[in-house]
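S.K.: just the structure for this:
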Amino acid sequence: MQHRLPNSSASFSSSLSLMMNSFSIYSSLPIILFITMLPHLWTISITISFASLFFLGWFFLHSLGIVRLPHKYLTFLLLLLSIFILVLNYGFTFSQKSSISLLCLMLSLKCMEVKNELDRRNIFLILFLSYFVLVTHFLYSQDIFLLIFSLINTLFITLLLISFNRKPQGILSFLTNISLLSKLFLKAVPIAIILFLFFPRIPGPLWTLPDDSSTGTTGLSDEMYPGSVSELSNSEKIAFRVDFKTSPPAADKIYWRGPVLSQTDGFLWSQHKSAKKVPIAKLNQFVSHSKQPV
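M.R.: Next up, the predicted model:
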């Protein structure tokens, strides 16, 4: 005897397969890129955010078959326009924001070269660059919510990589991809724990970029709070010049007195309002000092 599925089960299976065929993995690519760039849209310039969203929206409409991608000459003009917007916002400075803005802008513009879902070279390049975009989020924050967001986003990007490497065959293929993703994740977790516990801590970063945060520069202000000294960053600006009439003393013999912060509210230290500014006296007759604007 042959058993048939109930009409409700057959209807659910057919509707689910139809939904997955109409909304292919090719259409989910711009959505994943949008979610990946989402935390950066509030940190980079608004014009660069708008340009990135414009390119992703164009690519999403193309994946649905509504519009066509631009010709290569128009794509080249969009590239020049993107570079102009980048220079207009950040100039020719090399910093964290300008580098991340360049990465987001070029990644979204790269979608203009993906003609169809058979263009695996560009698709794989975009997905691999998405991992780098995820890493750049930790340059601004390392809280637990961002960690969970990045972990879930990494799983979705990896699932897309698996899906583009396998021929989609409906709901069964999707479940097979989920199973493969789970196996990869379970194999990666022990390696990540071992690296976290036993990998030697590096005192400084592997590379440095000019920081865009509003941390203080070398020098003491009129107010300080606990931990503010650790946030000081080196500055090449000259604080003052000292002219020695004779040979200068050894470095360990030179002492420059800073401000005295004697008033506190339990957290913030500041100078007392009634404190009188005493002029700096000469150490001896052989040394003179002067503050000169640079």
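S.K.: OK, contacts around the residue nearest to residue 114 when sequence neighbours are not counted?
M.R.: Of all residues not flanking residue 114 in the chain, residue 122 sits nearest, at 4.7 Å (Cβ to Cβ, 6 or more residues apart in numbering). Bear in mind the C-beta positions are built from the backbone N, C-alpha and C, glycine included. Applying Cβ atoms under 8 Å, 6 or more residues apart in numbering to residue 122 gives the contacts 110, 113, 114.
S.K.: state the mean pLDDT of the helix or strand harbouring residue 122.
M.R.: Counting by DSSP states H and E, the element that carries residue 122 is helix 120-136. Computed over helix 120-136, the mean pLDDT rounds to 88.
S.K.: test my guess that residue 86 contacts residue 100.
M.R.: No. Using Cβ atoms under 8 Å as the test, residue 86 is too far from residue 100 to be in contact (11.0 Å).
S.K.: buried residues, the helix holding residue 122. List them.
M.R.: Neighbour counts over helix 120-136 (16 or more other Cβ atoms under 10 Å) mark 123, 126, 127, 129, 130, 133, 134, 136 as buried.
S.K.: mind listing the helices for the stretch 51-200 of the chain?
M.R.: 72-90, 96-110, 120-136, 144-165, 171-198 (DSSP state H, counting those that start in this stretch).
S.K.: quick one, which of the ones you listed is nearest to residue 40?
M.R.: Closest approach to residue 40 among the helices of the stretch 51-200 of the chain is made by helix 96-110 (5.7 Å; Cβ to Cβ).
S.K.: show me what the closest one is packed up against.
M.R.: When contacts are defined as 3 or more Cβ pairs under 8 Å, 6 or more residues apart in numbering; DSSP states H and E, helix 96-110 packs onto helix 25-37, helix 46-63, helix 72-90, helix 120-136.
S.K.: let me know the angle separating the first one from helix 96-110.
M.R.: Computed with axes from the mean of the first three to the mean of the last three Cα atoms, to 10 degrees, the direction of helix 25-37 lies at 170 degrees from that of helix 96-110.
S.K.: name the residues that touch helix 25-37?
M.R.: With Cβ under 8 Å, 6+ apart as the criterion, helix 25-37 contacts 52-53, 56-57, 59-60, 63-64, 104, 107-108, 111, 114, 116-117, 123, 126-127, 130, 133-134, 153, 156-157, 160, 163-164, 168.
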